[in-house]
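Asks: task: produce atomic coordinates for the following.
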Amino acid sequence: MVTGPIAAGKTTVAAAVGAAVRDAGLAAAVVGLDEIVASLRAPGTRWQRSWAQARRAHAALLGGWLRSGVEVVLAEGPFHDADEIAVLLSEVPPGTVTRWCWLDVAYAAARERTAADPARGLSRDPAFLRRSYDRVAALVAQRPKPTWAFETNATPLHTIVATIVDGLLSAGGNERHS
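Replies: Take a look at the predicted model:
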């Protein structure tokens, strides 16, 4: 599970880890919550319901990939409170080894990243971004203890990827990983 606040690099890290795992000879799937949310076309007034629906679909896809025999499934997205985490894990098959990667970035760096990315929507609004960062900070006690934690402005992508992939590959055996 790759999680963290907005603009911490979740999508970038998950994609790079997935490619490195594949290059190491294992099947890997990357399941991004944002892409599932984006594929749902619901009226803007139903955004909360849309996120809840997308979270359930994301969990089902995560579980489906794991049940299909894919060795490593990278779920990435904002999983911060107990309910979000419970939905995420609801479809994970018993016996699956679950590891958490927490990516962090300071609000100022996130603000620069979102402002520079024209594909971003609401997260480009500084007030929305600030509220999101405050929410994540308030929920720190609810998230699982991460297996890995990185400050993405201070740690190069290749270091993050190598650390995670080495951890996954050194686990050995025929375990399924998410």
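
Asks: next one: phi and psi at the residue nearest in space to the middle of the chain?
Replies: For the chain, the residue sitting closest to the mean C-alpha position, by Cα atoms, centre = their mean, is residue 76 at 1.9 Å. Here the main-chain torsion angles of residue 76 (degrees, to the nearest 10) amount to phi -130, psi 140.

Asks: so residue 102, which state does it fall into?
Replies: strand (DSSP: H, G, I helix; E, B strand; the rest coil).

Asks: just to check, it is in contact with residue 155?
Replies: No. Assessed by Cβ atoms under 8 Å, residue 102 is found out of contact with residue 155, at 11.9 Å. C-beta coordinates here come from the backbone N, C-alpha and C atoms, glycine included.

Asks: more neighbours, the two?
Replies: Comparing residue 102 with residue 155 by neighbour count (other Cβ atoms under 10 Å), the higher total belongs to residue 102, at 21 against 15.

Asks: measure the closest residue to the more buried one other than its chain neighbours to residue 39 for me?
Replies: Closest residue to residue 102 apart from its sequence neighbours, by Cβ to Cβ, 6 or more residues apart in numbering: residue 146 at 3.8 Å. From residue 146 over to residue 39 the distance is 28 Å, taken as Cβ to Cβ, to the nearest Å.
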